[in-house]
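[1] Build me a structure from this.
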Amino acid sequence: MRQILDRLLKRMIRKGGLTVIWPNGEKTSYGPDAGGGSTLKVTDEKAIRAIVLNPGLAFGEGYMDGTLVPVDCSIYQVLETLLSNLQAAGTGAVPMMKVRMVFGTMIRRARQLNSAVRSRRNVAHHYDLNGRLYSLFLDRDRQYSCAYFPRGDETLEEAQLAKKHHIAAKLKLDRPGLSVLDIGCGWGGMALTLARDYGARVTGITLSTEQLAEARARAEAEGLSDRVKFELLDYRALQERFDRIVSVGMFEHVGINHYGTFFDVVKRSLKEDGVALIHTIGRTDGPGTTNAWIEKYIFPGGYSPALSEMMLPIERSGLIATDIEVLRLHYAETLRHWRRRFAANRDAIQTLYDERFCRMFEFYLAGSELAFRYQEHVNFQVQLTRVQTAAPLARDYISETEHRMMSKVPAAAKAEAFVPVAATAEPVSAGVSVSA
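    Residues are numbered from 1 along each chain as shown. The predicted model follows:
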């Protein structure tokens, strides 16, 4: 198996450099910058076999288990070397990846059968972790989705605030008192912003008990409980109708089998002159599969769609796509901020869980950032209406609303407000599972 992996790396590494230290202590360097690139130590022969047979799963597991160890570099640097070269070479350079992708495409509908019960379990796997974890690497508002960097040099706080106002502008909240549905409301930041800054009456729904408790507590603390309510509810159970519907970072959990149902629910729940905005991770290279490691450890049942996979069920639902925007590299920058904050607070996070969990999250953040930098991942924002006249004829209203709302925000509210948190003396019980 070592010979096979050796041949693969020789064929793939064409820029930068990678040195591999094999289990017997021997070293092999690859690429034009062999002496100055990243170094990876492989401590177990079984890890070599696993990487050859299933690289998409085995590499992350090897890092979690300590059989793949970066030497004098970070896992981010190792992954950047590999993914940047894979981008240039194509998946054909790693035949087993292509085989796995074909097989994954064949079974993906079965893997994404996200019934109400299964959806609840999938959400709990990632979002019902100890709440303090997310406070240690997200912004103050706990926006756990792609931020918006119109200049490119925004702080994380500024970019997440800009994202909320960018989305709010597309919702055309042109008068107070509009009813808004937030599908997949997270910790409530978007709902609270729409109520506080735009005078909306918001209903947020989630399947996470941790997020529900935090969102309700925040609404109470901000004195917005009369305008914002949060419910533990599956989108398929919705019965009300709303002036506006927003969904940020939830569509990735719907599953391709349920796209038709999702957009049928959006149409049914949207008033005749209503506006909806769906913000989701997507892919620019057409239909694909979810990375095996991400599916097993981070987002079971998750999938980031191609735009073509979204448009057919949108058309069949009778909804009209009135605006589509592709956000390129914005999520890469968001993840860069999260990755650095996670590293700064790693000691505190380790008191919540353990070393293996920390490695899992490091691999997740690093790999995800690089997927947006070197692979085909982007974010789509799709505005939907029931009638053509519900949205303005030109897009000027979006930037005009953004500028007006951002100009009202005090500088202190937009500033970076991040400092590393010291580790606590005693671990906090979390009960998270990082196995299949």
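
[2] Ser308: neighbour count?
    11 (other Cβ atoms under 10 Å). The C-beta positions use only the backbone N, C-alpha and C, and glycine is treated the same way.

[3] Can you verify it is assigned to a helix?
    Yes - counting by DSSP: H, G, I helix; E, B strand; the rest coil, Ser308 falls inside a helix.

[4] And for it, nearest residue in space, chain neighbours not counted?
    Nearest non-adjacent residue to Ser308, counting by Cβ to Cβ, 6 or more residues apart in numbering: Gly286, 6.6 Å away.

[5] pLDDT score for that neighbour?
    Looking at Gly286, its pLDDT reads 93.

[6] and it, how far is that from Arg268?
    Distance of Gly286 to Arg268, given as Cβ to Cβ, to the nearest Å: 29 Å.

[7] ok, Leu9 - contacts?
    By Cβ atoms under 8 Å, 6 or more residues apart in numbering, the contact list for Leu9 reads 18, 20, 28, 30.

[8] Give me the buried subset of the residues you listed.
    For these, a neighbour count by 16 or more other Cβ atoms under 10 Å gives the buried set as 18, 20, 30.

[9] Which of these sits closest to Thr193?
    Within the buried ones among the contacts of Leu9, the smallest distance to Thr193 is 44.2 Å, found for Leu18 (Cβ to Cβ).

[10] Now do the phi/psi pair for that closest one.
    Dihedral pair for Leu18: phi -140, psi 130, per degrees, to the nearest 10.

[11] Now for it: which residues touch it?
    Counted by Cβ under 8 Å, 6+ apart, Leu18 has contacts 9, 29-31, 34, 37-40, 78, 81-82.

[12] Report how many residues lie close to Met405.
    That count, for Met405 with other Cβ under 10 Å as the rule, works out to 20.

[13] Can you tell me the element it falls in?
    Applying DSSP states H and E as the criterion places Met405 in helix 396-407.

[14] buried stuff in that helix?
    Within helix 396-407, the residues that count as buried by 16+ other Cβ under 10 Å are 398, 401-402, 405.

[15] a markdown table for those residues, including pLDDT and distance to Ala159?
    What follows is those, written out as a markdown table (pLDDT from 0 to 100; distance: Cβ to Cβ, whole Å):
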| residue | pLDDT | distance to Ala159 |
| --- | --- | --- |
| Ile398 | 94 | 17 |
| Thr401 | 92 | 17 |
| Glu402 | 91 | 13 |
| Met405 | 89 | 15 |
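
[16] Is it possible to get a markdown table of these that adds distance to Ser208?
    Output for the buried residues of helix 396-407, formatted as a markdown table (distance: Cβ to Cβ, whole Å):
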| residue | distance to Ser208 |
| --- | --- |
| Ile398 | 30 |
| Thr401 | 30 |
| Glu402 | 29 |
| Met405 | 28 |
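
[17] Could I get the full set of strands for the stretch 151-300 of the chain?
    179-183, 201-206, 228-232, 242-248, 270-283 (DSSP state E, counting those that start in this stretch).

[18] Now Leu207: closest residue in space that isn't a chain neighbour?
    Val123 (4.2 Å).

[19] Does the one you found touch Glu210 like I think?
    No - with contacts counted by Cβ atoms under 8 Å, Val123 stays clear of Glu210, the gap being 9.7 Å.

[20] Find the nearest non-adjacent residue to the residue minimising distance to the centre of the chain, please.
    The chain has Ser145 as the residue nearest its centroid, 5.6 Å off, counting by Cα atoms, centre = their mean. Counting by Cβ to Cβ, 6+ apart, the nearest residue to Ser145 once its immediate chain neighbours are dropped is Gly249, at 3.5 Å.
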